[in-house]
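**Student:** Sequence and predicted structure are below.
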Amino acid sequence: MPGFELFGEAERKEVQDVLNSGVLMRYGFDNQRQGHWKAKAMELEICQQLNVKHAQLLSSGTAALTSALVVAGIGAGDEVIVPAFTFVASFEAVLMVGATPVLVDIDNTLTMSPAAVAQAISAKTKAVMPVHMCGSMADMDALKSICKTENLLLIEDACQAIGGTYKGQNLGTIGDLGCFSFDAVKTITCGEGGAVITNNDLFAPLLDQYSDHGHDHLGSNRGTDGHPILGYNFRISELNAAVGLAQARRLPEFLRHQKHYYHILKTALARIPEIEFRRVPEGGEESYAFLNFFLPTEEQTKAAMLLFADQGIGDCFHYLDNNWHYVRQWDHLKWGNALNNLNEAQKIGLALIGRQNFQRSDAFLGRNISCLIKLGMTSTEVEQRAELMATLIGKVV
Ligand SMILES: *Cc1c(COP(=O)(O)O)cnc(C)c1O
């Protein structure tokens, strides 16, 4: 997945442009910037590549999720449904806007189960936030249909799946809003960065205003800009955007590369009849950032992971007891260990998560191994890695 493995001249050139002009801010300084608008250029690049009307580049993926919720009008007393297998940013963003996260089980797609979503809907539910984990997608037709019937917003966290598609549409462009992260370990990186994309003409200016203290960006003087709404600072710097612009232009190259290595790995592992690959919803194409598969039992999966560690196979994850990606280790959430006051609805909601049973998700994650597709390797190294993995798994199944 990581673009940082393939840094080069293109990234250096874009950063040098910014240093040469000395304008590190994405807004204003029109005369000094020598024509360089790196954040704007990256937004345009994203819009063109993903075929979407609006992109707002921000300081992180977490800022993107938070801003998406805010412009959708979600706040105190509202509930947002998120999967139990994700990254902590999902519930962090929901709590940040004053809303209450409601966690639901995943299925064999490793993303939220539409049946679990349907069951979790209450009168307070405002949005459903699927997370396209490890390069592949949730069952978007089923989720879209639920959201339409129940009049809910659909906000996609596509942070780990940029470039993946579903029935010809890019992930992130299917719901009302889509979010990406360009942090240091994502498919394309700004160092730190993120984006919200949308085809909604009402949300787009709000994203631009909210992420810059409410500035309406109408005049040529920031000091006299109007502030139609209360905002915040989730701006990205031109230095970060410069790196991301070069990386975004290389996205098609990264995706081709990922796909090639993914297939080498999958072909080797497919020889083992006990391996079952993650389900990709019909009409979906993964971004190939990871290869995900299930072994028959949790014990075999743990044994395979031990052999991997022993033989130096890194970058494969067994997420069942992972601190950052799965509810089992989120005691800080269940206990509401916030530094500031949570509202009553949030306290009740978090206590509920502490008592909730996630056996269905446990069953999938217990048997899952998720292997990062490394762009920095040569194809020979990938082939050797694939053969070794197949041999080691063969010993435990
Ligand atoms: C990385 C990630 C985020 C958060 O992105 P940051 O840029 O690190 O804030 C959110 N959701 C998922 C699924 C992620 O993988």
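**Tutor:** Okay, I see it. Numbers count the residues shown, from 1 in each chain.
**Student:** So which residues of the chain form helices?
**Tutor:** Along the chain, counting by DSSP state H, helices occupy 9-21, 38-50, 61-71, 89-96, 114-120, 140-150, 203-210, 238-249, 251-269, 298-310, 331-334, 344-355, 359-366, 379-396.
**Student:** Residue in the chain with the shortest distance to the ligand?
**Tutor:** Gly61 (2.4 Å; Cβ to the nearest ligand atom). The way it works is simple: take the backbone N, C-alpha and C, and place the C-beta from them, glycine included.
**Student:** Can you verify my assumption that Arg33 contacts Leu24?
**Tutor:** No. Assessed by Cβ atoms under 8 Å, Arg33 is found out of contact with Leu24, at 10.0 Å.
**Student:** Which one of those two is surrounded by more residues?
**Tutor:** When neighbours are counted by other Cβ atoms under 10 Å, Arg33 comes out ahead of the other of Arg33 and Leu24, with 19 against 16.
**Student:** and the gap between Asn51 and Ile174?
**Tutor:** Distance, Asn51 to Ile174, by Cβ to Cβ, to the nearest Å: 12 Å.
**Student:** between those two, who's got more neighbours?
**Tutor:** A direct count of neighbours by other Cβ under 10 Å for Asn51 and Ile174 places Ile174 higher, at 23 against 12.
**Student:** Quick check, pLDDT for that one.
**Tutor:** The model reports Ile174 with a pLDDT of 98.
**Student:** Likewise for the one 10 residues further on?
**Tutor:** Model confidence at Ala184, expressed as pLDDT, equals 94.
**Student:** Pop the domain breakdown of the chain in here.
**Tutor:** 3-250, 253-394 (automatic domain parsing).
**Student:** Now the residue nearest to the spatial centre of the chain: closest residue in space that isn't a chain neighbour?
**Tutor:** Of all residues in the chain, the one closest to the mean position by Cα atoms, centre = their mean is Cys159, 1.8 Å from it. Excluding its sequence neighbours, the residue lying closest to Cys159 (Cβ to Cβ, 6 or more residues apart in numbering) is Ser181, at 3.8 Å.
**Student:** The one you found: how many residues sit nearby?
**Tutor:** 29.
**Student:** before we move on, back to that, determine which stretch of the domains of the chain is the most buried.
**Tutor:** domain 3-250 (a mean of 21; mean count of other Cβ atoms under 10 Å).
**Student:** What residues does Met133 make contact with?
**Tutor:** Neighbour list for Met133: 83, 85-86, 106, 110-111, 160-161 [criterion: Cβ atoms under 8 Å, 6 or more residues apart in numbering].
**Student:** Can you tell me how far it is from Leu269?
**Tutor:** Distance from Met133 to Leu269, counting by Cβ to Cβ: 19 Å.
**Student:** now could you export just the CA positions of stretch 382-392 as CSV?
**Tutor:** The C-alpha trace of stretch 382-392 is given here as CSV (Å, rounded to 0.1, in the frame of the first residue of the first chain):
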residue,chain,number,x,y,z
VAL,A,382,7.3,-11.0,-4.0
GLU,A,383,7.5,-14.5,-5.6
GLN,A,384,9.9,-15.8,-3.0
ARG,A,385,7.7,-14.3,-0.2
ALA,A,386,4.6,-15.9,-1.7
GLU,A,387,6.2,-19.3,-1.9
LEU,A,388,7.5,-19.2,1.6
MET,A,389,4.1,-18.1,2.9
ALA,A,390,2.4,-20.9,1.0
THR,A,391,4.8,-23.4,2.5
LEU,A,392,4.3,-22.1,6.0
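**Student:** tell me the mean pLDDT over that stretch?
**Tutor:** The pLDDT scores in stretch 382-392 average 97.
**Student:** Now do that stretch: distance to the chain's middle.
**Tutor:** Centroid separation for stretch 382-392 versus its chain: 28 Å, with Cα atoms, centre = their mean, to the nearest Å.
**Student:** what's it in contact with?
**Tutor:** Under Cβ under 8 Å, 6+ apart, the answer for stretch 382-392 is 261, 264-265, 267-269, 271-272, 304, 307-308, 311, 313, 316, 371, 374, 377.
**Student:** one step back: test my guess that the residue nearest to Cys159 contacts Gly61.
**Tutor:** Yes. Contact criterion Cβ under 8 Å: Ser181 and Gly61 qualify, at 2.5 Å.
**Student:** Write out the residues of the stretch 51-200 of the chain neighbouring the ligand.
**Tutor:** Residues of the stretch 51-200 of the chain found near the ligand (Cβ under 6 Å from any ligand atom) are 60-62, 86-87, 89, 131, 157, 159-160, 181, 183, 194.
**Student:** quick one: low-confidence parts of the protein?
**Tutor:** 1-2 (pLDDT under 70).
**Student:** and if we set it to 80?
**Tutor:** Applying pLDDT under 80 to the chain flags residues 1-4.
**Student:** For Gly283, give me its contacts.
**Tutor:** By Cβ under 8 Å, 6+ apart, Gly283 lies in contact with 141, 166-168.
**Student:** May I have the phi/psi pair for Asp105?
**Tutor:** Note on Asp105: backbone dihedrals following degrees, to the nearest 10 are phi -70, psi 160.
**Student:** Please report how far it lies from Ser113.
**Tutor:** Distance from Asp105 to Ser113, counting by Cβ to Cβ: 5 Å.
**Student:** intersection of neighbour lists for the two?
**Tutor:** Going by Cβ under 8 Å, 6+ apart, residues that sit against Asp105 and also against Ser113 are Arg360.
**Student:** For the stretch 151-300 of the chain, which segments are assigned as strands?
**Tutor:** For the stretch 151-300 of the chain, the strands defined by DSSP state E, counting those that start in this stretch occupy 153-157, 165-166, 169-170, 177-181, 194-198, 276-277, 284-285, 290-294.
**Student:** residues in contact with Pro228?
**Tutor:** Pro228 sits in contact with 209, 214, 216, where contact means Cβ under 8 Å, 6+ apart.
**Student:** Who's the closest spatial neighbour of Gln247, skipping the chain neighbours?
**Tutor:** Excluding its sequence neighbours, the residue lying closest to Gln247 (Cβ to Cβ, 6+ apart) is Ile188, at 3.9 Å.
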